[in-house]
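In: coords please:
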Amino acid sequence: MTLTAEDLSDVQRVVFETAPDAVLLMDEEGRAILANAAARELACREDVIAAFRSDPQWMAFRVELRARGRATLEARVGERSILVNGRTCGARTILFLSDVTVARDAADDVARLWGLASIGAFAGAFVHDVGNLITPLSALTEALSREVAGDTGAATVTELRRATTSASELVRGVRAFLRGRPLEPQEVQLNEVVLEMRPLIERLVGEGVGVVLALNDEVGAVTIERGRFERGLLNLVANARDAMPSGGRLIIRTYSALIDGEQFVAVSVTDEGAGMSPAERARAFEPLFTTKTAGGGLGLWVVNRFVREAGGRLEVQSELGEGTQITLYLPRGVRGCPSSRKSSQSGLSSARSDDEQPYFGAAE
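Out: Below is the predicted model:
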């Protein structure tokens, strides 16, 4: 069967209209004079037309079109990645548009995963080397502590021993994480931990900041990874210190809290610093977010993750000019595996949050 000119014209119209890619016919003034169904449904069609007409970033594309009669460009139009194939047709231009946003985002995700894999391999080697350095330091510190027992420097050596022990626990924790084996939690008396850490806390904040401990004797024990709690508390203390460059008071409190019939031990760290704006409070626990001119911004994110994995919750109260109070609520009692518990769905009368996010409020 031979197609007539009229039949061929009908086929061409159907192919044009039903083509999966968006097709635009542009006149010599850069105006769209014809569009197929896919082009009419393309949300960023008008942005593409405007960019083709005047965007300087498309200049090389337009120059190549005039010189060779065809050109290809991948452009970011709004939030979309658009692959543009152009063909000249006399004084007019045909643009074939493909939305490749999903493919490009997937490629970016793969690249990020490869980067994370490389970082993980580097972290494994780094932790291994650090562990090899800490082992002799721990042995030498232990020997030194026996030699200076009873001397005036014994307290300093005790702090050195605590530091090397904490470093060893940190290395052990990272190794366990890299191998997919979490550390076992243990029964911990938080008051005892805070009291043991007081000399280190006072050295960390310096002479300009007074350290006040208000520890309730009736709080009881919790089941957590002690090393992670100590590092989390030091993170909060360092943040409080940085918020008070001119000095002030740092208050650490422990007390019992009842949440939906369950007993929790609360540990709060309060400073008299500049406080946070509502926008800063809302982002305070995002990874890499920081209000400091220096620093990585991971500290509060790590603390929040530790508290969640322990089955607890975290609360931050702050207001500009009124300081900041951050409170950790940890389940009270001896538990086999607190990380398997789900955090309570509702909270204290002053703390309303869902199961995934810390509570943010203004300072009272």
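
In: which intervals of this structure have sub-threshold pLDDT?
Out: Within the chain, the ranges that satisfy pLDDT under 70 run 1-8, 43, 103-136, 150-153, 170-183, 287-299, 335-364.

In: do you know how far Val267 is from Asn239?
Out: Val267 sits 14 Å away from Asn239, going by Cβ to Cβ, to the nearest Å. For glycine as for every other residue, the C-beta is placed from the backbone atoms N, C-alpha and C.

In: Kindly report the same for Leu24.
Out: Distance, Leu24 to Asn239, by Cβ to Cβ: 54 Å.

In: Kindly report the same for Val157.
Out: Val157 sits 29 Å away from Asn239, going by Cβ to Cβ.

In: again with Val219
Out: Relative to Asn239, and taking Cβ to Cβ, Val219 is found at 23 Å.

In: Same question for Glu184.
Out: 29 Å.

In: Compare the two (neighbour count), which wins?
Out: Asn239 (22 against 10; other Cβ atoms under 10 Å).

In: Sticking with the more buried one, tell me its helix or strand.
Out: In the assignment (DSSP states H and E), Asn239 maps to helix 226-242.

In: Show me the helices in the stretch 101-250 of the chain, by range?
Out: Secondary structure of the stretch 101-250 of the chain (DSSP state H, counting those that start in this stretch): helices located at 101-147, 154-178, 190-205, 226-242.

In: In terms of secondary structure, what does the helix or strand in which Ile94 is found contact?
Out: Per DSSP H and E: Ile94 is located in strand 92-99. Here strand 92-99 is seen to pack against strand 22-26, helix 45-54, strand 80-89 when contacts are counted using 3 or more Cβ pairs under 8 Å, 6 or more residues apart in numbering; DSSP states H and E.

In: List the buried residues for it?
Out: For strand 92-99, the neighbour count (16 or more other Cβ atoms under 10 Å) marks 93, 95-99 as buried.

In: Quick check: end-to-end length of stretch 34-46?
Out: 13 Å (Cα to Cα, to the nearest Å).

In: any idea how far that stretch is from the chain center?
Out: Put simply, stretch 34-46 sits 38 Å off its chain's centre (Cα atoms, centre = their mean, to the nearest Å).

In: do the same with stretch 196-216
Out: 29 Å.

In: Name the surrounding residues that touch that stretch.
Out: Stretch 196-216 is contacted by residues 155, 159, 162-163, 191, 194-195, 230, 233-234, 237-238, 240-241, 244, 246-256 when judged by Cβ atoms under 8 Å, 6 or more residues apart in numbering.

In: Just the buried ones from those residues, in ChimeraX syntax?
Out: The buried subset of the contacts of stretch 196-216, as determined by 16+ other Cβ under 10 Å, is captured in ChimeraX by this line:
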select :162,191,194,230,233,234,237,240,241,244,248,250,251,252,253,254
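
In: what's the strand holding Ile94 in contact with?
Out: So strand 92-99 is contacted by 21-28, 33, 38-39, 42, 48, 52, 65, 80-88 (Cβ under 8 Å, 6+ apart).

In: what's the next secondary structure element after the longest strand along the chain?
Out: Ranked by residue count under DSSP state E, the longest strand found in the chain is strand 248-259. Remark: after strand 248-259, the chain's next helix or strand is strand 262-271, criterion DSSP H and E.

In: contacting residues around that following strand?
Out: So strand 262-271 is contacted by 190, 194, 219-220, 222, 233, 236-237, 239-241, 243-244, 248-258, 312, 323-333, 344 (Cβ under 8 Å, 6+ apart).

In: Strands of the stretch 251-364 of the chain, start to end?
Out: 262-271, 313-318, 324-331, 359-361 (DSSP state E, counting those that start in this stretch).

In: by how many degrees do the first one and helix 190-205 diverge?
Out: To tie it back to what came earlier, the one meant is strand 262-271. For strand 262-271 against helix 190-205, the angle by axes from the mean of the first three to the mean of the last three Cα atoms, to 10 degrees is 20 degrees.

In: buried set for strand 262-271?
Out: In strand 262-271, counting by 16+ other Cβ under 10 Å, buried: 264-271.

In: Let me have these in TSV, extended by distance to Arg226.
Out: Listed next are the buried residues of strand 262-271 as TSV, based on distance: Cβ to Cβ, whole Å:
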residue	distance to Arg226
Phe264	17
Val265	14
Ala266	17
Val267	13
Ser268	19
Val269	17
Thr270	23
Asp271	24
